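Q: Fold the following for me, if possible:
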Amino acid sequence: MRAAANKSATVLQRGFAILALVAIAACTPIIRNHGYMPPEEDLALIAVGVDTRESVTLSVGPPTSGGMLNESGFYYVASQFRQNGAYAPEEISREVLAISFDANGVVSNIERFGLKDGRVITLSRRVTDDQARDSTFVRQLLSSFGRVNAGDFLGES
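A: Predicted coordinates for the structure are as follows:
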């Protein structure tokens, strides 16, 4: 009789251990990376005032998106999302690399933007002249931080 009681206690302990492991695993955050950000060593190969659209594409790969007007630039966007259990994913970081070109298709500016406290900040900038234009596309892209709703993409209202 005592052996049967010990056996049922052992089964119960194993059941609680398995349940505890499942609960702990459910609380572990899942980190997902989206987009592409060229490595710094590849960006160092790009010379402002020398490289063209084609050489930039060969050096760092095709852009995530291009400039809206006259193909003024290349934009590389990388985001990181964290999801805890059944909660909605939360964007925890976003970085944008903007490579601008002049009218001849030569690199005129390389800027890297990020977010800090919900505000767009410039992480690095390489400019040949002092007429650097404000990257409104980048500001619009980064200003949507936190306002992304998966239902919008899936057609749900």
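Q: Would you map the helices across the chain?
A: Counting by DSSP state H, one finds helices in the chain at the ranges 2-27, 40-43, 53-60, 136-143, 150-154.
Q: Could you tell me the least trusted of those helices?
A: Set side by side, the helices of the chain give their lowest mean pLDDT on helix 150-154, at a mean of 56.
Q: I figured residue 60 hits residue 38, correct?
A: Yes - using C-beta atoms under 8 Å, residue 60 is in contact with residue 38, at 3.7 Å. C-beta coordinates here come from the backbone N, C-alpha and C atoms, glycine included.
Q: what's the overlap in contacts for those two?
A: Residues touching both residue 60 and residue 38 by C-beta atoms under 8 Å, 6 or more residues apart in numbering: residue 76.
Q: What is the burial count for the residue nearest to residue 26 when sequence neighbours are not counted?
A: Among residues not flanking residue 26 along the chain, residue 85 sits closest, at 5.3 Å (C-beta to C-beta, 6 or more residues apart in numbering). Neighbours of residue 85 under the rule other C-beta atoms under 10 Å: 11.
Q: Could I get the pLDDT score of the residue lying closest to residue 35 once chain neighbours are set aside?
A: Counting by C-beta to C-beta, 6+ apart, residue 78 is the residue found nearest to residue 35 once chain neighbours are left out, at 4.0 Å. We have a pLDDT of 90 for residue 78.
Q: Contact partners for residue 78?
A: By C-beta under 8 Å, 6+ apart, the residues touching residue 78 are 33-37, 94-95.
Q: at 6 Å what do you get?
A: Taking C-beta atoms under 6 Å, 6 or more residues apart in numbering as the contact definition, residue 78 lies against 35, 37, 95.
Q: Many thanks, we can stop here.
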